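Trainee: here is my input, please return the structure:
(chains A and B)
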2 protein chains.
Amino acid sequence: MIRISIDAMGGDHGPEVTLQGLQRVAERRPDARFVIFGRSEAVEPVLAKMPRLAAVSQFHHCDVAVRMDAKPSQALRQGRWKSSMWKAIEAVKAGEADVCVSAGNTGALMAMSKFCLRTMADIDRPAIAAIWPTARSESIVLDVGATIGADAQQLVDFAILGAAMANALFDVERPSVGLLNVGVEEIKGQEEVREAGRMLREAGLDTMDYHGFVEGDDIGKGTVDVVVTEGFSGNIALKTAEGTARQIGGYLREAMGATLMSRIGYLFARGAFSRLREKMDVRKVNGGVFLGLKGLVVKSHGGADDEGFAAAVELGYEMVKAGLFDKTRTTLDLYHARKPGPVSGEAATNI
Amino acid sequence: MIRISIDAMGGDHGPEVTLQGLQRVAERRPDARFVIFGRSEAVEPVLAKMPRLAAVSQFHHCDVAVRMDAKPSQALRQGRWKSSMWKAIEAVKAGEADVCVSAGNTGALMAMSKFCLRTMADIDRPAIAAIWPTARSESIVLDVGATIGADAQQLVDFAILGAAMANALFDVERPSVGLLNVGVEEIKGQEEVREAGRMLREAGLDTMDYHGFVEGDDIGKGTVDVVVTEGFSGNIALKTAEGTARQIGGYLREAMGATLMSRIGYLFARGAFSRLREKMDVRKVNGGVFLGLKGLVVKSHGGADDEGFAAAVELGYEMVKAGLFDKTRTTLDLYHARKPGPVSGEAATNI
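Mentor: Next comes the predicted model:
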C-alpha cells in the first residue's frame, strides 16, 4: 500500500481536475491510498461523484488554500499550520503519508516543505529534479530552480540525490551522472563546477558512474542519466527547451496548414502526427521532485489537466515503491561517513 | 565598399568551403571586398578556380593555421603575430578591414581578438552575441559563452551592446531588452541580475526599451529583441535549444517514416516540410558576434558549409553597413558620461 497526501486546492483548475487525476490513479494503481486536503465545499461534492476514489481516500477539511500567485513568504505566513498545502506536507512528516503531491505554487510549496520537513542530515539545500524526455529515453535534471547558485559540495550532493532517483525510477544499477558545463575541456567553466567534478571523481562512489562534464545539447541527446547543475542555469535550460519545443510545434502546425497539398499530407500522416504529439506530450513527464528533504514532495505543473496531475501522482507512487528515500539516505551516509571531516583529519596529522 | 578580412583556414572543412562561401557573398554583395589569410598551397589553387572572387580579393600567405582543437592559451602562444587567424584580426586593427570573419576555434579566436583589439573604453569584458530565431522573427541573445559570470555593470554593458546590434540589424529604433532570470517576480534571481535591472531602469536610456526580466521560454517566443545574461547560462540556453530542435527533428523523421500512410502523407506535404526545414535551418543564422572589442569579429560555426559561412560573412557585412560600431560607441559614451563616477560623486557631496 502506497499512501499519498494530496493538496486538492493547488493548480490552475482546482479540485475538479486534481480529483479526476486521482480517480485515474485509483483505477490504475489499486494499492494507492489518498489523504486529501482541501476546502470541504469544493472537494466533497466532487468526491461524492467518484465512489471508486472515495473508497480509497480520506478527506480532511482545511480553511485556507494557498493562492497560485502568493509569494513564498506570504504563503508561509498565512498558510502555515492550516492550509491544504501545509497539511498535505505535514501528513508526510507525521508518517501518515509516504509522499505529498501538490499542483500549487512552486515557491510556496518549496518554502513550506523546507520549513515543515527540513533538509536531510548532510544536505544544505534541497533541489527540484525534473524528468526530461531525451532522444534515448528519459533523464533527470536537477536543480531546476530551488537553489540559485550552488557550491561544489552542494553540486556533489545533487549528484548523489539525482543518482538515487535515477536508480529508483529507471532501474539502472549505477546511473551515469554529468555536470552541466559550457565545454568539455577540463579548464573551462565555473570554479565550483570544476571542483565538484574533482570531488566526484575522487569519491569513486559505487552508486553512480561519474561521466564528467556535459553541455546543453547533451541533455536532449540523453548522454547521461542524471544532469547536475545549480538552479539558475537548470531552470533556464528547462524553460528554454520548453520554449523551443513549443516554437517548433508552432512552425509545424503552420507548415502543415499552409497549402491544400500539405493538408492532404497531414490527413495521410495523421497517425504519425499523433505519435509525435504523444512523444512531445509534456503531461506524461509532469512532476518536479523535491529532493534532499526529510520526506518526499512532488510538484505538479499548475496548468496540468487530470492526466497530467495523474502523472505527477504516479511519479510519487513509483518513487515510494522503489524505496527512493532509503536509497538516498544510504548513499548519503556512505559518502559523508567516508569523507574525512576537516577537524579529525587535521588532528590525525598533528599527532 | 565593405572590407572583410577572412581567416580562410578556420572551420572543419578548411579553405575549400570558406572560399566557396565567399564566392556566394561576392555574387550577392557587389560592394564586398575580401582580405584573405591562409596557407598559399591550400588557398591559391582554390582561389584560382574562382575568378569572380579573386577579382574582389587580396590574398596574404601565413605560415601558421590555428588548430580547431588548440587551447586558447596554446593558440595565442603559437599563433600570435603570424597565424591566419591573428592576421585577419590584425587587419581590422590596422584599419585594412571593417570586420573579421573566422570559422576557427572559438576560444582561440576570442583570446586573440581580446589580445589584439582590446576591449572598448568602459567595457571590462567582451560578449558573444547569437542571433536566435524566434516565433516572431529573430532576437539577439548575449553573452553565449565569452564570460563566465558577470556583475551588474557588465550585464548593463551587455544590454547596451546588444541593443546597438539589434538597432543595426533589425532596424528597430529602441529595441526591447530583457534580463534572463528564473522568474518574473522582482524578488527572484541572482543578486547581480536584480541590480542590473535596477540600473537599467534608472538609466532610462533612449537607445533601448528595458522590458524587465524574461524567462527561458521567452527567448523562443521572441518576447524581447535582446536577451541579456552571463556566458554560462547563455551558453547552456543556446546549446539546450539546439539539442531540443535536433531531438524533435529526430522524432519527426521517425514518425514520418514509420508507416506507409505516413510516408504517403510526407510525399504530399513535402513542400511544407521543406519550408519547415528552411525555418529550422541553423545555417541561415550562423554567426556569433564578438561585441565590446575595438573592432568587429564574427565567429562562424566550425562545421558550417559554404552557405553557412556565407551567412556569417553577410552578418559581418550588414553590421558594418549599419554602422554598428559607431552606434555602440555613441551609446556607451552617453551612458558612461552620464553615470556619476564614484570618486567625483563622493567629492561633490563632501564640499
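
Trainee: SS state for A:Val320?
Mentor: helix (DSSP: H, G, I helix; E, B strand; the rest coil).

Trainee: just checking, it touches A:Gly295?
Mentor: No: using C-beta atoms under 8 Å, A:Val320 makes no contact with A:Gly295, being 10.8 Å away. Glycine gets a C-beta too; all of them are placed from N, C-alpha and C.

Trainee: need the strands for the stretch 101-250 of chain A, in chain order.
Mentor: A:127-133, A:138-142, A:176-180, A:209-214, A:226-228 (DSSP state E, counting those that start in this stretch).

Trainee: what's the second one packed up against?
Mentor: Spelled out, it's strand A:138-142. Here strand A:138-142 touches strand A:127-133, helix A:152-170, strand A:226-228, helix A:231-257, going by 3 or more C-beta pairs under 8 Å, 6 or more residues apart in numbering or on different chains; DSSP states H and E.

Trainee: mind running it again at 6 Å?
Mentor: Here strand A:138-142 touches strand A:127-133, helix A:152-170, going by 3 or more C-beta pairs under 6 Å, 6 or more residues apart in numbering or on different chains; DSSP states H and E.

Trainee: can you put those in CSV and add mean pLDDT?
Mentor: As requested, these are exported to CSV (pLDDT from 0 to 100):
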stretch, mean pLDDT
strand A:127-133, 92
helix A:152-170, 94
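
Trainee: who has more neighbours out of A:Val320 and A:Gly295?
Mentor: Higher neighbour count among A:Val320 and A:Gly295: A:Gly295, with 23 against 18, using other C-beta atoms under 10 Å in any protein chain shown.

Trainee: contacting residues for the more buried one?
Mentor: For A:Gly295, the contacting residues are A:Val92, A:Lys93, A:Leu117, by C-beta atoms under 6 Å, 6 or more residues apart in numbering or on different chains.

Trainee: quick one: which of those residues is most hemmed in?
Mentor: In the contacts of A:Gly295, the most neighbours by other C-beta under 10 Å go to A:Val92, 24 neighbours.

Trainee: could you double-check that that residue sits in contact with A:Val101?
Mentor: No: with contact defined as C-beta atoms under 6 Å, A:Val92 does not reach A:Val101; the gap is 10.2 Å.

Trainee: and the pLDDT for the residue in the stretch 1-150 of chain A that chain B sits nearest to?
Mentor: Nearest to chain B in the stretch 1-150 of chain A, going by C-beta to the nearest C-beta, is A:Ala135, at a distance of 5.0 Å. Residue-level confidence at A:Ala135 comes out at 86, pLDDT.

Trainee: which non-adjacent residue is nearest it?
Mentor: B:Gln247 (5.0 Å; C-beta to C-beta, 6 or more residues apart in numbering or on different chains).

Trainee: contacts only, for A:Gln20.
Mentor: Contacts of A:Gln20 (C-beta under 6 Å, 6+ apart): A:Asp306.

Trainee: that one is in what secondary structure piece?
Mentor: helix A:15-28 (DSSP states H and E).

Trainee: then A:Ala310?
Mentor: helix A:306-321.

Trainee: export the helices and strands packed on strand A:138-142 to CSV and tack on mean neighbour count and distance to chain B?
Mentor: Formatted as CSV, the helices and strands packed on strand A:138-142 follow (neighbours: other C-beta atoms under 10 Å in any protein chain shown; distance: least, C-beta to the nearest C-beta, whole Å):
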stretch, mean neighbour count, distance to chain B
strand A:127-133, 24, 8
helix A:152-170, 24, 13
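
Trainee: in CSV: these, plus distance to B:Gly38.
Mentor: Output for those, formatted as CSV (distance: least, C-beta to C-beta, whole Å):
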stretch, distance to B:Gly38
strand A:127-133, 43
helix A:152-170, 43
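
Trainee: of these, which is nearest B:Met165?
Mentor: strand A:127-133 (32.1 Å; C-beta to C-beta).

Trainee: isn't A:Ala91 right up against A:Ala97?
Mentor: Yes: the pair A:Ala91 / A:Ala97 is scored as a contact, 4.2 Å apart, by C-beta under 6 Å.

Trainee: find residues that contact each of these two.
Mentor: By C-beta under 6 Å, 6+ apart, the residues touching both A:Ala91 and A:Ala97 are A:Ser5, A:Val35.

Trainee: enumerate the residues of the stretch 151-300 of chain A near chain B.
Mentor: Applying C-beta under 6 Å from any C-beta of the partner chain, we find that the stretch 151-300 of chain A lies next to chain B at A:182, A:190, A:215-217, A:219-220, A:232-233, A:235-237, A:239-245, A:247-248, A:250-251, A:255-256, A:258, A:261-262, A:264-265, A:268-269, A:272, A:275-276, A:279.

Trainee: what subset of these is buried?
Mentor: A:182, A:190, A:215-217, A:219-220, A:232-233, A:235-237, A:239-245, A:247-248, A:251, A:255-256, A:262, A:265, A:268-269, A:272, A:275-276, A:279 (16 or more other C-beta atoms under 10 Å in any protein chain shown).

Trainee: just how off-centre is stretch A:59-72 within its chain?
Mentor: Distance of stretch A:59-72 from its chain centroid, counting by C-alpha atoms, centre = their mean, to the nearest Å, is 21 Å.

Trainee: how about it, which residues are buried there?
Mentor: Neighbour count says stretch A:59-72 has A:Phe59, A:His60, A:Cys62, A:Val64, A:Ala65, A:Val66, A:Arg67, A:Met68, A:Ala70, A:Lys71, A:Pro72 buried, by 16+ other C-beta under 10 Å.

Trainee: for the helix or strand containing the first one, C-alpha coordinates in PDB please.
Mentor: Secondary structure here is read from DSSP H and E; on that basis A:Phe59 sits in strand A:57-61. Presented in PDB, the C-alpha positions along strand A:57-61 are these (Å, rounded to 0.1, in the frame of the first residue of the first chain):
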ATOM      1  CA  SER A  57      -9.400   8.200   0.200                       C
ATOM      2  CA  GLN A  58      -9.700  10.000   3.500                       C
ATOM      3  CA  PHE A  59     -10.700  13.700   3.300                       C
ATOM      4  CA  HIS A  60      -9.800  16.500   5.700                       C
ATOM      5  CA  HIS A  61     -11.200  19.900   5.500                       C
END
